[in-house]
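Peer 1: Need a 3D model of the sequence below.
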Amino acid sequence: MHERLESNSGSPTPSGVVRIPEGTVTALRRHRGAQLEERLAWGPDWIDSGYVITCEDGAPLHPHSLTDAFERRVRVMDVPAIRFHDLRHTCATLLLQAEVHPKVVQEMLGHSSIAITLDIYSHVVPGMQDEAAKKLGAVVFG
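Peer 2: Residues are numbered from 1 along each chain as shown. Below is the predicted model of the structure:
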């Protein structure tokens, strides 16, 4: 099981590693602590599945369990209904709106090509053409 959790430190990113925000690292460490307590409580009956999100005994969750829990949380929060997978789209959209380079977004999403990232997400950022025209004007005309 990969135990190293790092936030964005500014150092080069090895292939296959995705940087995550410090808040996410903190939440994962807290979760790991709770999971270690469950592991101790279950003793030899603990199932070492190697997954981060598991049942109380360490067994893997059925994918529908996570989806159902997410949908219940969305209903309780009284926000527009979204699917669990929509979180991936939201992440990509927020990164592109924050002007994160599309190549970085591609790597974070695990797309095999930047064309996939741009084909799927470039339309979601309104005003991109206007902003590009302003930047070009600034470069050309000062």
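
Peer 1: mean confidence score for the helix or strand hosting Leu40?
Peer 2: Using DSSP states H and E, Leu40 sits within helix 22-42. The average pLDDT within helix 22-42 is 95.

Peer 1: Name the residues of that helix that come out as buried.
Peer 2: Within helix 22-42, the residues that qualify as buried are Gln35, Arg39, counting by 16 or more other C-beta atoms under 10 Å. Yep, even glycine has a C-beta here, placed from its N, CA and C like the rest.

Peer 1: quick one: the helices in the protein?
Peer 2: Read by DSSP state H, the chain holds these helices, from start to end of the chain: 22-42, 63-77, 86-97, 102-109, 114-121, 128-141.

Peer 1: Including distance to Thr54, could these go into CSV?
Peer 2: Conversion of these to CSV gives the following (distance: least, C-beta to C-beta, whole Å):
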stretch, distance to Thr54
helix 22-42, 7
helix 63-77, 10
helix 86-97, 20
helix 102-109, 24
helix 114-121, 31
helix 128-141, 41
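
Peer 1: okay, the ones you listed, which one's buried deepest?
Peer 2: Mean neighbour count (mean count of other C-beta atoms under 10 Å) peaks for helix 102-109 among those, with a mean of 17.

Peer 1: Surely Tyr121 touches Ala92?
Peer 2: Yes. Applying C-beta atoms under 8 Å, one finds Tyr121 in contact with Ala92, separated by 4.8 Å.

Peer 1: Give me the common contacts of these two.
Peer 2: Common contact partners of Tyr121 and Ala92 (C-beta atoms under 8 Å, 6 or more residues apart in numbering): Val105.
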